[in-house]
Structure formats: structure tokens, C-alpha cells
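Student: model this:
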Amino acid sequence: MERLVTTAQAAEILGLSLQGIHYRIKKNQLKSLKKDGKVYVYVDDTQKYNFEEKTENHKQQNNVNEIIEVKNEQIELLKKSIKWMKKQYISEIYRLEKNQKRIIEVFNSEIKLLQSAFNEMKAIYKPKLENKNQTNNSDFLPLKEFFVIMKRANKTDAEIKNIIFKAIKNGDKRFIYNKAEKKLLILNEDFSDLV
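Tutor: Reported below is the predicted structural model:
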């Protein structure tokens, strides 16, 4: 059912602005009547619901558009965030590689330092070890010297060999024979009993 209302009332009923009502009158979308210089609009109650549905649809569309706009902003923000994180990742890798190179350089310098310390220690202790070995060797008598001592006592080579064999057989501690290396060590002691 249609009723006659002012443009202001029509705007309120239909949920439109006053300009929207005048626009619809001009486009013949709303029936109107001029009376006493005032414009009146015929409003159908069903038309009200159609306009409400249209405005509701329009509001929903606006909501969807707003949601899409917010999502687009979020996507842009995430893209910027990913770009920033990628830069951070690259700079962190660069920093770690740089630190790794520094650590390797430090280790190499430490190795060189340890090598030089080892060489110094070797230079200090090697002569001491050689002296110790020489003193140990002075505890033993070379075979030639033993022969010289025995020859001074007028012993022949065969007799000297026989003396050595008997001493080893009898377990004389002055004569040490290493079977594995086939070496004879003679302690530098008194051999007056063998002369």
C-alpha cells in the first residue's frame, strides 16, 4: 500500500539521503507529486523492504570490500615482513661466515703458536735426551773396546769369542744378548776375572 510522504520522511523510511531521493525522483524511480511548492513522494511499504534489502546487500558488499582491503593490507605487510626477514637472514649468514673465517684464522694462528712452542721445547730437550742416551751408552762398552781390553791381556780372537759365549751361557750380568735384534751389550765394568 502506498502512502504520500515528504522527501525528508521518504529519505528516513527508505534509508537514503535527501539527494538520493531527489535523484530517484528525477530518474522516475520514485513516484512524486508537487503540491504547494513542496515535493511529496509515494512510498510503498514493500518498496521500503526492497530498499532495505538493497541497502543491506550494499552494506554487505561494503563489508566484503573492507575485508578484502584489510586482507590486501595484511598480504602487503607480510610481503614486506618476508622481505625484511630475508635481508636479515642474508646478513646473518654473512655475519656467521665472517665469524667462521675469523675463528679459522685464530685456530690457524694457535696451531702455528703451538708448533713454534713444540719446536722450542724440542730444541731445549733434545740435547738433554741425547746427553742422557750418551750417558746410558757410556754404561755400555762397545764390542771393539772389549776386544782391545782382552787383547791387552794377550787373548786371541777365538779366546775372546769363547769368553763371551761362556759368559752369556752362564748368565753373566755384564753381557746382555738381545735375540730379537741380535745385539750384544757389554756393561762397562771390571773384567779382571776374565783376563
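Student: roughly how far apart are residue 86 and residue 96?
Tutor: Between residue 86 and residue 96 the computed distance is 16 Å (Cβ to Cβ, to the nearest Å). From N, CA and C alone the C-beta is placed, and that goes for glycine too.
Student: next one: residue 32
Tutor: Counting by Cβ to Cβ, the gap from residue 32 to residue 96 is 78 Å.
Student: likewise residue 5?
Tutor: Relative to residue 96, and taking Cβ to Cβ, residue 5 is found at 77 Å.
Student: These two: which is more packed in?
Tutor: Neighbour count, other Cβ atoms under 10 Å: between residue 5 and residue 96, residue 5 has more, with 16 against 10.
Student: Within its sheet, name the partner strands of the helix or strand that contains that one and how each one runs.
Tutor: If you go by DSSP states H and E, residue 5 is part of strand 2-6. Next to strand 2-6 in the sheet, as set by DSSP bridges, lie strand 38-44 (antiparallel).
Student: Give the rounded mean pLDDT of the strand it pairs with.
Tutor: What strand 38-44 shows for mean pLDDT is 86.
Student: contacting residues around that strand?
Tutor: 1-7, 9-10, 13-14, 21-22, 25, 30-34 (Cβ atoms under 8 Å, 6 or more residues apart in numbering).
Student: which regions of the protein lie under the pLDDT threshold?
Tutor: Low-confidence segments of the chain (pLDDT under 70): 1, 45-56, 129-138, 195.
Student: what's the domain layout of it?
Tutor: 2-59, 139-194 (automatic domain parsing).
Student: How far does stretch 142-156 sit from its chain's centre?
Tutor: Distance, stretch centre to chain centre, for stretch 142-156: 74 Å (Cα atoms, centre = their mean, to the nearest Å).
Student: Show me which positions of it end up buried.
Tutor: 146, 149-150, 155 (16 or more other Cβ atoms under 10 Å).
Student: just to revisit the earlier point, which positions within the strand holding residue 5 qualify as buried?
Tutor: By neighbour count on 16+ other Cβ under 10 Å, the buried set for strand 2-6 is residue 5.
Student: Specify the angle between the helix or strand where residue 24 lies and strand 38-44 in degrees.
Tutor: Using DSSP H and E, residue 24 sits within helix 18-26. If you take axes from the mean of the first three to the mean of the last three Cα atoms, to 10 degrees, helix 18-26 sits at 80 degrees to strand 38-44.
Student: Which is the succeeding secondary structure element to helix 18-26?
Tutor: Next along from helix 18-26, by DSSP H and E: strand 32-35.
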